[in-house]
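Participant: Let's see this in three dimensions:
(chains A and B)
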Amino acid sequence: MSIEQIIFYVFATILVVCATLVVTLRNPVFCALALVLAFFTSAGIWIFLEAEFLALTLILVYVGAVMVLFLFVVMMLDINLTVLREGFTRYLPLGLVVSIVLIAELVMVVGPGQLGLESMPVPIPHPEGYSNTKEIGSVLYTEFLYPFEIAAVILVVAIVAAISLTLRRRSNTKVFMKPEEQVVVRRKDRVRLVKMSSESNND
Amino acid sequence: MMQTSFQMPDLTPAIPEIFLLTMTCIILLIVPYLSDKNRVLTYLLSLGSLAATAALTVAVHTSETVYTFSGSFVSDTMGDVLKVFVYLVTAVVFIYSRKYLLDRNIFKGEFYVLGLFAVLGMMVMISAHSLLTMYLGLELLSLSLYALVAFQRDSKDATEAAMKYFVLGALASGMLLYGMSLLYGVTGTLDIGGVQTVAAGLEDSKKLVMGLGLVFVIVGMAFKLGAVPFHMWIPDVYHGAPTAVTLFIGTAPKIAAFAMVMRLLVEGLGDMHDQWQDILIIMAVLSMAIGNVIAIAQTNIKRMLAYSTISHVGFLLLGILAGTQAGYSSSMFYVIVYALMSMGGFGMIILMSRAGFEADKISDFKGLNERSPWFAFMMLIIMLSMAGVPPTVGFYAKLAVLQSVIGVGLTWLAIVAVVFSVIGMFYYLRVIKYMYFDKADDTTPIESPTDMKLVMSANGLGILFLGIAPGSLLAMCAAAFS
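Facilitator: As a prediction, this is how the structure comes out:
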C-alpha cells in the first residue's frame, strides 16, 4: 500500500465516521462540530484530486462561514431533541435494512468493477507549476458563463425569498418605534382631557 | 497553461431570458418604493414584461436548432412553443390571482418577482442543453416555488405545505444530482448531446453505471412531475398552499417538467429507450390507477384536482414512453392542454372564493348553475375536458397519446389507460352533478373583477374551441418534432 492510499483511507474513514456522528449524536453542537470535521477531511480528499482551489474554498466558505453561522443558530434555538427522536428506534430496523440494501447495490454497480483503474483511464498527474485557480478562472467567465449567471440569479432568489418570508413589521413592539415620530409628537396626540361630572358622596 | 480558444457566445437566442431577467431586477428595485395604493403597478409591469418576452421569443425564433453559450443553451421549435405557453399560463395566473391576493392581504410585489424568477427558471430548463444548466434551472424554479408556497405567512397549512415541499424537493434534487454525477462520471461530459454520443459507444460494464444514473435521474424527474410512487407531496402542497400559488404550481411548471424529461431522457439518453420505457410504463400505470381512484374519495376540490394531476401525469408519460416522434408531439400537446385545463379548474376555485372564504370544498360548487349559469357552463367545459369527453380538447389530448401508444404495439397499455380514465370520469361528473342538480347552500353572488371574468370565459371557450378545431395546436406540436 502506497503512502497516498494510506492517507486516502485515513481521510475516508474519518469522513464516514464523522458523517455518521452528525446524524447520531445527541448534542446538536457536537453534530455541528462533527460536520466541520467532515468538511475538513473531504477538503483533504479534494486536495488529493488536485482540486486545491476548491478544497480551500470548501474550508473557507463552509467551515469558516456557514458552520459558524450554523453553530449560532443551534445554540440560539434550543431544539428539543427528545421530541425529534421519538420515532428513531421505531424506524431504526427498517431504516437499517433499506440503507444496507442500498449500499450493497451501489457498491455492486459503482464499485471497482465498473469504475476501477482497469476500466477507467489512469489519471495523469498535472505538471509542476500547474495552477488550479488559473484553470477555473479561465473557464468560469467563458465556457461556464451561462451556468455562472444562473447561479447568481439563484442567490438573488434566495435573498428575496428569505427577506419576504422573515421580514415582519411588528407595530406592537418597541424595537420598531420610529424616533422621528416620537420627536414630532404633540400633546394632543397622546393626552386626552375627559370631562366627567363630579361624583356625589350621598349614596 | 492551456490556452482555450474561446469565442464570444451568440446572445441572440437568449435575448428573451436576458430581457426577462433585466425586467425582473427592475421590478425588484421598484417594489420597495411603491405604496400599497400603487401596488397594482407591479402587477401591470409583470404582465407587460411577460408580453414583451413572448414577443421577443417569437421574434428571435428560427426554424433550425441553435446552440450557444458553449453548447449549454439550445433554442429550437419545441422550446420556443413551450416557452410561449409558459408566458401565457403565467400571465393568466397573475390575472386570476390578483383579487385573491388582495382579499387576503398578500398582494405584495414579492409574489410577482418570485413568479417571474420561476418563469426564468422554467425558460432555463426548457432551453437547457447541459446537465449543469438543467439542474440550475430546476433549482431556480424550485426555490421560487418553495418561497411562494410559504408566502401566506400567517397560514399554518401553507407553512406546513412549504416545509413538506422543500424537504421532498431537496431530496429529489439530490437524487437527480447523484444520477447526473454518475452519467458525468461514465461519459465525461456535461453536454446533453455529448452524453448521447459517448453513451452509444460504451462497453457493457459502463452501461450498468449509466443504468443506475438513469434510474436516479428518472426518480428526480418523477418527483418533480408528481408521478406515482413519488407523488406524496402533491395533494398536501396543493391543499396547503394559497390557491393562487396552487394555480401556479399546477400549471406552468408541468410544461417545464415535460421539457426536462424530453431533454434528459430523449435527447440525452435516447439510446437507453428500452430501459427507461419499462420504468415509465410502471409509473404511468400506477399514476393513472392511484390518481383516479383516490381522487374519488376526496371532498376537498384542491386535493381532488391534485390527484387528477397525478392521473394526467400518467397519461403524459404514455406519449413519451412510446418513443416515437408522434408520441413526443402528442405528449407535448397533452401537457399544453393540461396546463390550460388546470388553469381553468383552479381559476374557478379563486373565482368562487372571497375574502375570508375559500371555495375549496367540492360541495361549495353546489347549485352554481342558479348563482351563475355562465360560470357553471365554464366549469362544465373544464371538467368534461379533464375527463376527456368530446367535443372538448381534453378528448383529443387523450386520443393522441393513446394512438401513439397503440402505434408501438402497446395496446394493453391503451386499454388500461381508457379503463382508468372511465373510472376517473366519476369525480369530474360529480362536480357537474353538484353544479346543476343540487340546491345551493350559499347564495352569495359571485363577485370578481371584469378582467378575471373575461379571461375565465376566454379560458373555458378556448378549451371548447381547441376541441372543435385542434388542428393548429396539433400542427404546432408536430412541427416541433420533425
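
Participant: going forward, measure contacts and count neighbours with C-alpha atoms only.
Facilitator: OK.

Participant: so what's A:Val157 up against?
Facilitator: B:Leu114, B:Phe117, B:Leu140, B:Leu143, B:Ser144 (C-alpha atoms under 8 Å, 6 or more residues apart in numbering or on different chains).

Participant: residues contacting A:Val29?
Facilitator: Contact partners of A:Val29, counting by C-alpha under 8 Å, 6+ apart, are A:Leu71, A:Val74, A:Met75.

Participant: element containing the second one?
Facilitator: Right, A:Val74. Per DSSP states H and E: A:Val74 is located in helix A:67-77.

Participant: For that helix, what is the distance to the chain centroid?
Facilitator: 10 Å (C-alpha atoms, centre = their mean, to the nearest Å).

Participant: which strands and helices sit next to that helix?
Facilitator: helix A:28-48 (3 or more C-alpha pairs under 8 Å, 6 or more residues apart in numbering or on different chains; DSSP states H and E).

Participant: I'd like the average pLDDT over the helix or strand where B:Thr42 lies.
Facilitator: For B:Thr42, the element it lies in under DSSP H and E is helix B:40-60. Averaging pLDDT along helix B:40-60 gives 94.

Participant: re earlier: run through who's touching the helix holding A:Val74.
Facilitator: By C-alpha under 8 Å, 6+ apart, helix A:67-77 touches A:Pro28, A:Val29, A:Ala32, A:Val36.

Participant: Repeat that for stretch B:80-89.
Facilitator: B:50-51, B:53-54, B:57-58, B:61, B:119, B:122-123, B:126, B:251-252, B:255-256, B:259, B:336, B:339-340, B:343, B:476-477, B:480.

Participant: Buried ones among those?
Facilitator: Neighbour counting by 16 or more other C-alpha atoms under 10 Å in any protein chain shown classes B:50-51, B:53-54, B:57, B:61, B:119, B:122-123, B:126, B:251-252, B:255-256, B:259, B:336, B:339-340, B:343, B:476-477, B:480 among these as buried.

Participant: Could you measure from B:Leu402 over to chain A?
Facilitator: Look at B:Leu402 and chain A: by C-alpha to the nearest C-alpha, to the nearest Å, they are 36 Å apart.

Participant: Over to B:Val416?
Facilitator: 32 Å.

Participant: In contact with that residue, which residues?
Facilitator: When contacts are taken as C-alpha under 8 Å, 6+ apart, B:Val416 is in contact with B:Val285.

Participant: What residues sit buried inside the host helix or strand of it?
Facilitator: Here B:Val416 sits within helix B:411-437, counting by DSSP H and E. By 16+ other C-alpha under 10 Å, the buried positions in helix B:411-437 come out as B:413-414, B:417-418, B:420-421, B:423-425, B:427-428, B:431-432, B:434-436.

Participant: after that helix comes which helix or strand?
Facilitator: Taking DSSP H and E, what comes next after helix B:411-437 is helix B:450-468.

Participant: quick check: angle from whichever helix or strand comes after that next one to helix B:450-468?
Facilitator: Sequence-wise, the next helix or strand downstream of helix B:450-468 (DSSP H and E) is helix B:471-479. With axes from the mean of the first three to the mean of the last three C-alpha atoms, to 10 degrees defining the directions, helix B:471-479 sits at 70 degrees from helix B:450-468.
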